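Asks: Give me a 3D structure for the following:
(one chain, ligands or ions: 2)
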Amino acid sequence: MMRSLFERNIRDLKGVGEKRAKLFEKLGAPTVGALLRLYPRTYEDLSRPYPIRLAPLNEPCAVRATVLERPKETRIRAGMMICKVTVTDGESDMELTYFNNPYIPSMLKADEEYVFYGKVTANFLKREMTTPEFVRAAVCPPIRPVYHQTLGLTSRMIENAVKSALDLLPDRIRDPIPEAIREKYGLCPLRFALENIHLPQDMEAVETARKRLIFEELLILQLGLLRLKGRSRSISLLRLDHDCSERFYGLLPFEPTQAQRRAVKEAIADMMSGFPMNRLIQGDVGSGKTAVAAALCCCAVENGMQAALMAPTEILAQQHYASLSALLRDTRVALLTGSMPAAKKREILQGLLDGEIQLVIGTHALLSENVAFRRLGLVITDEQHRFGVAQRAALASKGDHPHMLVMSATPIPRTLALMIYGDLDISILDELPPGRQKIDTYAITGDKRLRAFRFIRKHIDEGRQCYIICPMIDEGQNDMASVNEYAEKVRTRWLPDYPVGVLHGKMKPKEKEAIMTDFARGNIAVLISTTVVEVGVDVPNAVVMLIENAERYGLSQLHQLRGRVGRGKYKSTCILISDAQNEETVARLKTMCATNDGFQIAEQDLKLRGPGDFFGHRQHGLPELKIADMVHDMDLLKEAQSVAREILSMDAELESPQHRGLRAEVKQLFENRAD
Ligand code: ADP
Ligand code: MG
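Replies: Ligands and ions are numbered 1, 2, ... in the order given. Have a look, this model is predicted:
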């Protein structure tokens, strides 16, 4: 019964016609159920309206007053009507102004009392409000929801649709959270939560509803995550017998850092434990995660297992392939990417199947159905935030509970990482290889561009190389020249006679590879690129990173980009060009100039953009959340995690009748993510 209502098309609602239904669909609410999950952004508290004289100035508030006389309309110029309304609370008067709204005179009636909501301003002694919202006092709800208005759907339209949806709710609806859990954690029933998140009687009811909905969302998330890695308790058939990391260190052209040694040791202990490893390695750009991955691949192979390393881009996969196959001479290493010729691919697939290939490095191509292994023992995902949890699980499913390692440069505070990744173990590379010099960072405006290019020329003349990041191709936004146009300017004006290469996401993989190889070999002095070079590419001879339109990027992304230089023995510089004046941008660029510490930058990013945004950019590869905020709702996250564990320990497949609702929700949350 309830299912069918939630699944009903939005068109079935009173007042939602064909056109509006289309807008709701675009907003992600094609059904009644999805509409009820479009939660308000905030609320207007109308429960205690002020008299005019006591209303606070310049902040949103409710004022109760009576319309004195019929509103007066004046045409101030062609196409511009102004409507003035005087209202009174018996003691003081106030003037309201509306623009171009022909309905005001018929909606605001003389002698009728209303509650107005908006900002009160003072014009000498006179109080005024401009375009306040209003409701007749006699029917004024205590609290009014405010929805994000987009796509031509106003908050009021959404509110009305939600009202008709709530009217249709039967008295008893099935609640995905079992009653026993609701009781234990003081959570209200679903029906109460839906009614009160949308049309509450008071703010206390909103809090009650919010708590329940946040808990529900986090519980579903945790159930999904724990189930994806449900193997964690299963006995591993792929036990590591001997640790050959010392032998591996002997192959390296450098001494491993203490942090690298520690991470390798922890991972090896996992793999020897008899249970599958499930570990996250977090390390700032340049901290040397690849060497850790290589050490573990080497050990896995020595112990007779196959290992797979998955990277988010073709360039990165190629680079890992080049460095690992050079390092692990005795290992049969192969590269598998989408762009390879079919015959070559077939050969590699065969090699993986019969165990001939011991280590495979690849892109998403590794996930394809026809990839099968003989004895897949170790799965490593580089730059894990580029992949969804489901994709990681897909690779793991190609073996029998293989050991899993994910590597990330996105610094998430440790406690938070523990929470969102379920019971993943974490190693942190908190030390950079020795001899690294701080990358000097400067933020400049566009009028200093010529000086920046003089600086670049000087370095090229000394034999070094440079990156220039310019806006995405096809973005087509006003002043942002496309890469090619920009490259033309560099070639003809700023760096004539220097070998310049261009790299962007729209190029064929083969072309990208050719350019990247040329750059790595030093045949190209300046690489003009979109953010495709953001992850992992390693050219130690590159010493200047110039970023155009720096305001377009988040702090963490700028940090990743900057991490492309300063990878060798030369002093490196990052130049951020931006003409943006707004405070937030200025603060962001200042942070970049002030510190090289990725964790500090992530924290600042959190502060400046807020957790919603930080996590909204899918830096974690998790499904998007509608109401929970993983930073602020940490306590509920912990509770939800322990409840999820408890539930799964009794009913791993969520098959019992009381868990069926949860099972459906988990399925939906993890299917809805667009990868
Ligand atoms: P990331 O953690 O960003 O993936 P990489 O693994 O690409 O970093 O390593 C960055 C650079 O540092 C590479 O050129 C690598 O060879 C070098 N490197 C890694 N570990 C060490 C070390 N212990 N000593 C010196 N150089 C190292
Ligand atoms: Mg890397």
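Asks: going forward, measure contacts between C-alpha atoms and count neighbours the same way
Replies: Fine.
Asks: What parts of the stretch 551-675 of the chain come near ligand 1?
Replies: Residues of the stretch 551-675 of the chain lying close to ligand 1 (Cα under 6 Å from any ligand atom) are residue 567.
Asks: Name the residue of the stretch 551-675 of the chain that lies nearest to ligand 1.
Replies: residue 567 (5.5 Å; Cα to the nearest ligand atom).
Asks: Verify the contact between that residue and residue 540 for me.
Replies: Yes. In this structure residue 567 lies within contact range of residue 540 using Cα atoms under 8 Å: 4.7 Å.
Asks: quick one, which of these two is more surrounded?
Replies: The neighbour count for residue 567 versus residue 540, taken as other Cα atoms under 10 Å, is higher for residue 567 (23 against 16).
Asks: contacting residues around the more buried one?
Replies: 286, 436, 538, 539, 540, 541, 542 (Cα atoms under 8 Å, 6 or more residues apart in numbering).
Asks: and if we set it to 7 Å?
Replies: Going by Cα atoms under 7 Å, 6 or more residues apart in numbering, residue 567 touches 286, 540.
Asks: Check residue 235 too.
Replies: Residue 235 neighbours (Cα under 7 Å, 6+ apart): 274, 275.
Asks: Quick check: closest non-adjacent residue to the residue of the stretch 51-200 of the chain found nearest ligand 1.
Replies: Residue nearest to ligand 1 within the stretch 51-200 of the chain: residue 148 (38.5 Å; Cα to the nearest ligand atom). Distances taken as Cα to Cα, 6 or more residues apart in numbering put residue 41 closest to residue 148, at 6.0 Å, once the chain neighbours are dropped.
Asks: So what's the residue count around residue 632?
Replies: Residues lying near residue 632 (other Cα under 10 Å) number 11.
Asks: Could you do residue 43 as well?
Replies: 17.
Asks: and it, what are its phi and psi?
Replies: Dihedral pair for residue 43: phi -130, psi 150, per degrees, to the nearest 10.
Asks: mind listing what's buried in the strand or helix carrying residue 225?
Replies: Taking DSSP states H and E as the criterion, residue 225 maps to helix 203-228. Residues of helix 203-228 classed as buried: 203, 205-206, 208-228 (neighbour count, 16 or more other Cα atoms under 10 Å).
Asks: and residue 564, that's in a helix?
Replies: No. Applying DSSP: H, G, I helix; E, B strand; the rest coil, one finds residue 564 to be coil, outside a helix.
Asks: That one reaches residue 543, doesn't it?
Replies: No. Between residue 564 and residue 543 there is no contact under Cα atoms under 7 Å: 8.6 Å.
Asks: Shouldn't residue 121 be within a strand?
Replies: Yes. The assignment for residue 121 by three-state DSSP puts it in a strand.
Asks: who's in contact with the residue lying closest to residue 579 once chain neighbours are set aside?
Replies: Using Cα to Cα, 6+ apart and skipping the chain neighbours, the partner closest in space to residue 579 is residue 445 (5.1 Å). Residue 445 sits next to 577, 578, 579 when contact means Cα under 7 Å, 6+ apart.
Asks: and the helix holding residue 225, what's its mean pLDDT?
Replies: Helix 203-228 shows a mean pLDDT of 90.
Asks: in the stretch 101-250 of the chain, which spans are helices?
Replies: Under the criterion DSSP state H, counting those that start in this stretch, the stretch 101-250 of the chain contains helices at 104-107, 155-168, 179-184, 190-198, 203-228, 245-251.
Asks: Can you name every helix or strand that the second one contacts?
Replies: It refers to helix 155-168. helix 32-36 (3 or more Cα pairs under 7 Å, 6 or more residues apart in numbering; DSSP states H and E).
Asks: Which helix or which strand is home to residue 460?
Replies: Going by DSSP H and E, residue 460 is part of helix 449-461.
Asks: Over to residue 81?
Replies: Residue 81 belongs to strand 80-88, assigned by DSSP H and E.
Asks: helices or strands next to that strand in the packing?
Replies: Using 3+ Cα pairs under 7 Å, 6+ apart as the test, strand 80-88 ends up in contact with strand 60-67, strand 72-77, strand 93-99.
Asks: and residue 484, which of the three is it?
Replies: helix.
Asks: Count residues in the vicinity of it, would you?
Replies: Residue 484: 16 surrounding residues under other Cα under 10 Å.
Asks: where's it relative to residue 529, distance?
Replies: 10 Å (Cα to Cα, to the nearest Å).
Asks: got it, and residue 497?
Replies: For residue 497, the distance to residue 529 - Cα to Cα - is 19 Å.
Asks: what's downstream of the helix or strand of the chain with the lowest mean pLDDT, the next helix or strand?
Replies: One helix or strand of the chain scores below all others by mean pLDDT, DSSP states H and E: helix 414-420, with a mean of 61. Downstream of helix 414-420, the first helix or strand assigned by DSSP H and E is strand 425-429.
Asks: and that following strand, which strands flank it?
Replies: Sheet pairing for strand 425-429, assigned by DSSP bridges, gives strand 278-283 (parallel).
Asks: Compute the number of surrounding residues for the residue lying closest to residue 509 once chain neighbours are set aside.
Replies: With sequence-adjacent residues excluded and distances taken as Cα to Cα, 6+ apart, residue 509 is closest to residue 339, at 6.5 Å. For residue 339, the count of nearby residues is 12 (other Cα under 10 Å).
Asks: again with residue 254
Replies: 10.
Asks: any idea how far ligand 1 is from it?
Replies: 5 Å (Cα to the nearest ligand atom, to the nearest Å).
Asks: Closest residue of the stretch 401-550 of the chain to ligand 1?
Replies: residue 433 (4.4 Å).
Asks: Look up how far residue 289 lies from that residue.
Replies: 11 Å.
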